[in-house]
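Undergrad: just coords:
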């Protein structure tokens, strides 16, 4: 008969540190989990011409279990507009026309600084950070997921000091990416597909914004797990009903971590029960 042990569930890092304004170079809104356990973090990236304020409200309304939310504002104000309207990267030329091949590098550098603070100072594991972006924000979320994974692959290739051996640490990915009508802006070539789960949600053409078959093919050449969800052609850009949100909520239910509640005990038989 195998020996059974009882171990009290750990409460370490149940509540994460609040991100600091001095370390995040753009306005943001952070909300800890409603249930008092910050096991997951949902980072929300708004679309072109918007601000973080509507997405901060969306994050609170979702009420994802054991999940804090962080809504970021894009860094650049759209020129020649009087209202508060922001862009993640330069999107218009001097004639006011949309740039066909924009450069998202400034946005990716900003998000990298945010993630460095979240991981190193606020104790968030990267695989428990989930990205949600709409249109331009969705593109930034996908591009950052690839950037982060590429950096992890490069770290694995570095030599261990004074040993001459390559690193053996397993690369880590992000928790997930939800992109609403946001395509990749690049055509990345990776030595290994990014394991970050992705769900691409969009309204088929002629709806705008949308995704083309080529956009979906590019996603599958970069990520190993891509789920596609088509919404009704008519409607706003964002999901607008319980039925349209259902696939996204189901996706999160499969990806979000759940921590044992304080005071509960894990049944152990030679090893700790995974959480």
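TA: Sure thing, it's come through. From a predicted model like this one, the values you see are computed outputs, not experimental measurements. Numbering: from 1, shown residues only.

Undergrad: please report how far the nearest residue to residue 54 once chain neighbours are set aside lies from residue 126.
TA: Among residues not flanking residue 54 along the chain, residue 46 sits closest, at 6.9 Å (CB to CB, 6 or more residues apart in numbering). In short, each C-beta sits where N, CA and C put it, glycine included. Using CB to CB, to the nearest Å, we find residue 46 at a distance of 22 Å from residue 126.

Undergrad: looking at these two, which has the bigger crowd around it?
TA: Set side by side, residue 46 and residue 126 give different neighbour counts by other CB atoms under 10 Å, the larger being at residue 46 (26 against 16).

Undergrad: for the residue lying closest to residue 31 once chain neighbours are set aside, which three-state class applies?
TA: Counting by CB to CB, 6+ apart, the nearest residue to residue 31 once its immediate chain neighbours are dropped is residue 69, at 4.9 Å. Following DSSP: H, G, I helix; E, B strand; the rest coil, we place residue 69 in the strand state.

Undergrad: partner residues bridging residue 69?
TA: With DSSP bridges as the criterion, the beta-bridge partners of residue 69 are residue 31, residue 42.

Undergrad: for the stretch 51-200 of the chain, which segments count as strands?
TA: Taking DSSP state E, counting those that start in this stretch as the criterion, the stretch 51-200 of the chain contains strands spanning 67-72, 76-77, 86-87, 129-134, 176-180, 198-202.

Undergrad: give me the mean pLDDT for the fifth one.
TA: I take that to be strand 176-180. Computed over strand 176-180, the mean pLDDT rounds to 98.

Undergrad: ditto for stretch 29-48
TA: Regarding stretch 29-48, the rounded mean pLDDT is 96.

Undergrad: first-to-last residue distance for it?
TA: Taking CA to CA, to the nearest Å, the first and last residues of stretch 29-48 lie 18 Å apart.

Undergrad: list the buried ones in that stretch?
TA: Along stretch 29-48, these residues count as buried under the neighbour rule (16 or more other CB atoms under 10 Å): 29-31, 33, 37-48.

Undergrad: run the chain-centre distance for that stretch.
TA: Between the centre of stretch 29-48 and the centre of its chain there are 10 Å (CA atoms, centre = their mean, to the nearest Å).

Undergrad: I'd like the numbering to begin with 831 instead of 1 from here.
TA: Right, with 831 as the first residue, what we last looked at is stretch 859-878.

Undergrad: how much space separates residue 943 from residue 1002?
TA: Residue 943 sits 18 Å away from residue 1002, taking CB to CB as the criterion.

Undergrad: remind me which residues of the stretch 831-980 of the chain are low pLDDT?
TA: 831-842 (pLDDT under 70).

Undergrad: residue 1032: how many residues sit nearby?
TA: By the other CB under 10 Å criterion, the neighbourhood of residue 1032 contains 24 residues.

Undergrad: oh, that last question was meant for residue 1029, not what I typed.
TA: Number of residues near residue 1029 (other CB under 10 Å) recorded here: 21.

Undergrad: quick check: bridge partners of it?
TA: The residues paired with residue 1029 through beta bridges, assigned by DSSP bridges, are residue 1008, residue 1057.
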